[in-house]
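*Asks:* next input, structure requested:
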Amino acid sequence: MTKSLPPRLRKVRVLATLGPASSTPEMIGALFQAGADAFRINMSHGDQAAKVAVVQAIRDLEKRFGRPSTILADLQGPKLRVGRFEGGGVTLRTGQDFTFDRSDAPGDDARVGLPHREIFAAIEPGARLLLDDGKLVLRVVEHDEGRIATRVEVGGKLSNNKGLNVPDVVVPMAALTEKDRSDLAWAVGQGVDWIALSFVQRPEDLMEARRLIEGKAALLAKIEKPSAIERLEEIVEQCDAVMVARGDLGVELPPQTVPALQKRIVEVSRRLGRPVVVATQMLESMITSPSPTRAEVSDVATAIYDGADAIMLSAESAAGDWPVESVSMMNAIGEAVERDPGHGDRVHFTITKPDPTTADALAEAAKNIAATVSAKAIICFTTSGSTARRVARERPAVPILVLTPSQSTARRLGLLWGTHAVLTRDVEDFEAMVAKAKRMALRHGIAAAGDQVIVMAGVPFRTPGSTNVIHVVRIRGDELKNYGTNASG
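*Replies:* Model prediction:
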């Protein structure tokens, strides 16, 4: 280990996508130091073999900086595309008729093949077909099992293999393609911490991914389809975290509806105790510019005020000219928003009523006690991470120091609001718990002599899901010399 980074005072997490501009060990280290708390590997681009070195470089951060690293593998999901055209493309005129069929013959300005029989089975008259990220809009007039007749409502140029969106019907396609299954198996084999599932339309879509993961990673559902909005609570209950994938939502739905949907998804996720990531085009101009627009800064700030657990960079950090600067800007915006005296009130606009469990009751109590006695931190002993998630759901005003013997738990917490995870040996009894809580608070700069901290754990120890103890302790001045910064855990 070359040096240990102090805990980030910023509570919202920054998730940075890696790509051609940011996949070297040196750049990954620079992004981490600039403020990246977790890294996204986009399985849509590149091959698996090239990504092995990226995973290793992220894991090497743990030795360099003494902090758990977090990796999210984002599966591509089904990609709906039109066929090919004679000459490479055509121009569709508004008002003209256009047909999709099952033929492999090159298309022209009257028809083209559509290699997705599931669409022919699901489509209905009146449904829209959106082409090339929504640039062209076609309305279905009639259809049968081999033909979809449409009328062009918004025309334009259409070229080979352009993407197709079907927002008005549930397409009976599995969320996992053969490529996705291969990528998922590879990612689990590499020990990634999170698997992001694309094209989620219903809660059943999560079941196969959950089965294939076999508990070796946590599952994140990307909300990017209108059909997912209709069954949002059921989907959130079936996953471990949620992503607001605003790019695809903005294609399939009127863009003016996306801000309200973003707030709804964040609210439901928080209420149900699932970490929620807000993603897509957050600092888009920083792909080519060293500074963002004022509107982009306001957009990021809004997500933080809403209480999102994490904010994500896509092309800005993956392929842009200013990857480190974009992460630094995310970090700076987060710090600035959280210094606002009104931030604490705003993140509590979402009412998170505790479930009728001891653990939820204690998590709510910990937040209130911390405010009442001006404690410096809430310290959670946890094996599964459940206690930390419950406390983070309450959005306390103080840092959450998470002590866990589980490396996988420590790594997964990189997407959870307000947490600083430390991998450490488990405790055997109550006295050892209190002593370790004080020692770790001092060592990691969470608290100082004279400060009070709140300790949460489950007794008997080493029993996941048994949180039943909350204890307020004060760190004495003479404990400073007993707990050196290099002492063993």
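*Asks:* which parts of the stretch 251-400 of the chain are strands?
*Replies:* Using DSSP state E, counting those that start in this stretch, the strands of the stretch 251-400 of the chain run over residues 276-279, 310-313, 377-381, 400-404.
*Asks:* for the stretch 1-150 of the chain, same thing?
*Replies:* Ranges of strands in the stretch 1-150 of the chain, per DSSP E, counting those that start in this stretch, are 13-18, 38-42, 71-74, 89-92, 97-101, 111-113, 128-131, 136-144, 147-154.
*Asks:* nearest to residue 162, out of those?
*Replies:* With C-beta to C-beta as the criterion, residue 162 lies closest to strand 128-131 of these, at 5.6 Å. Just so you know, the C-beta spots here come from the backbone N, C-alpha and C atoms, and that holds for glycine as well.
*Asks:* now what about the closest one, what contacts it?
*Replies:* Residues external to strand 128-131 that are found in contact with it (C-beta atoms under 8 Å, 6 or more residues apart in numbering): 82, 100, 136-140, 148, 150, 153, 158, 162-168, 251-252.
*Asks:* mind running it again at 7 Å?
*Replies:* With contacts defined as C-beta atoms under 7 Å, 6 or more residues apart in numbering, strand 128-131 is touched by 82, 137-140, 150, 158, 162, 164-168, 251-252.
*Asks:* report the two of those residues separated the most.
*Replies:* 158 and 168 (19.7 Å).
*Asks:* count of residues packed around residue 7?
*Replies:* Residues lying near residue 7 (other C-beta atoms under 10 Å) number 16.
*Asks:* excluding chain neighbours, what is closest to it?
*Replies:* Setting aside the residues directly before and after it, residue 7 is nearest to residue 420 in space (C-beta to C-beta, 6 or more residues apart in numbering), at 4.1 Å.
*Asks:* just the pLDDT for the one you found.
*Replies:* Looking at residue 420, its pLDDT is 96.
*Asks:* from here on, call the first residue 2.
*Replies:* Yep, numbering from 2; the last one is residue 421 now.
*Asks:* contacts only, for it.
*Replies:* Per C-beta under 7 Å, 6+ apart, neighbours of residue 421: 8, 400, 401, 402, 403, 445.
*Asks:* surely the last one meets residue 10?
*Replies:* So the one you mean is residue 445. No - judged on C-beta atoms under 7 Å, residue 445 makes no contact with residue 10 at a distance of 11.9 Å.
*Asks:* who's more crowded, the two?
*Replies:* Neighbour tally, residue 445 and residue 10, criterion other C-beta under 10 Å: the higher count belongs to residue 445, 21 against 12.
*Asks:* for the stretch 252-401 of the chain, what spans make up the helices?
*Replies:* 259-272, 295-306, 316-319, 324-340, 344-347, 359-374, 387-394 (DSSP state H, counting those that start in this stretch).
*Asks:* what packs against the second one?
*Replies:* In other words, helix 295-306. Packing contacts for helix 295-306, counted by 3 or more C-beta pairs under 7 Å, 6 or more residues apart in numbering; DSSP states H and E, involve strand 311-314, helix 324-340.
*Asks:* for the first one, name the packing helices and strands.
*Replies:* Pointing back at strand 311-314 there. Counting by 3+ C-beta pairs under 7 Å, 6+ apart, strand 311-314 packs on strand 14-19, strand 277-280, helix 295-306, helix 324-340.
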